[in-house]
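**Q** One predicted model, sequence on top.
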Amino acid sequence: MYQPRKNTIIYNFFSWYIQYIIKKDFSLFSYDKIELKEDSSILVLANHFSWWDGFFLFYINKKVFKKTFHVLVNADNYKKVFFLKYLGAFAAENKGKDVLDTLNYAGNLLNDSQNLVLVFPQGKLYSNHVKSINFEKGVMQMINSSQKKINIVFSSTFIDYFGKRKASAYTYLQNWETEEYVSLQLLKSAYNKHYENSVIKQSHITE
């Protein structure tokens with residue numbers, strides 16, 4: 001598998017640069033403030049519709065959660081976007097056992113209360129206008145391979161322009177109180193309820 005790399009200079013530069021381009025390219029970036037258990041790691045499950053998605057959550061983590069950031073990406077993006085590995089990106093190098101090893105690696109990351117792991121359960125990019133979010137099976141492997149002392153956070157992001165030249169981005173966050181028994185179907189259902197509520201909130205925004 002492809003693991004994150006450490007380089008303080010590269011990390012600090014792109015940490016600043018992500019904040020800079022969000023402020024430069026968007027007229028507004030709005031996100032919720034939520035309370036979490038500080039002694040537990042964070043697993044963020046987010047919709048995936050744009051190049052920006054990981055950067056939005058990186059920014060929120062820097063401003064709000066203040067954990068060590070990690071994100072599961074595909075091998076092509078890991079290799080193509082050179083700096084992602086220095087911002088906590090990791091990926092499966094091959095199919096089969098390497099995918100399982102990568103998911104177990106993510107589970108081990110979640111055993112450290114100082115870590116945040118971002119996952120896009122859809123597995124690839126979809127339109128920002130889909131009505132529901134599909135979940136790949138690997139999410140449960142990740143959770144089950146951890147000690148399950150986790151804050152599970154649902155994140156839904158939407159972009160609208162309204163009357164401005166630059167878009168406004170809105171990220172809706174929810175801390176999901178984990179059931180004692182978590183199944184893929186339960187997790188998917190809970191996330192999609194959050195997603196549907198987020199769509200309603202977004203549709204009520206006016207200028």
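**A** On my side now, so go ahead. Residues are numbered from 1 along each chain as shown.
**Q** Give me the three-state assignment for the residue nearest the centre of the chain.
**A** In the chain, the residue lying closest to the centroid (C-alpha atoms, centre = their mean) is Leu118, at 3.5 Å. State at Leu118, reduced to three classes by DSSP: H, G, I helix; E, B strand; the rest coil: strand.
**Q** quick one: it from Ala167, how far?
**A** 21 Å (C-beta to C-beta, to the nearest Å). No exception for glycine: its C-beta is placed from N, CA and C like everyone else's.
**Q** Please apply the same query to Ala89.
**A** Ala89 is 25 Å from Ala167, by C-beta to C-beta.
**Q** of those two, who's got more company?
**A** Higher neighbour count among Ala89 and Ala167: Ala89, with 23 against 16, using other C-beta atoms under 10 Å.
**Q** Quick check: phi and psi on that one?
**A** When read as degrees, to the nearest 10, the backbone of Ala89 gives phi -70, psi 140.
**Q** Verify the stated contact: it with Lys79.
**A** No - in this structure Ala89 lies outside contact range of Lys79 using C-beta atoms under 8 Å: 10.4 Å.
**Q** name the helices or strands packed onto the helix or strand Tyr17 falls within?
**A** Using DSSP states H and E, Tyr17 sits within helix 8-25. With contacts defined as 3 or more C-beta pairs under 8 Å, 6 or more residues apart in numbering; DSSP states H and E, the packing partners of helix 8-25 are helix 53-60.
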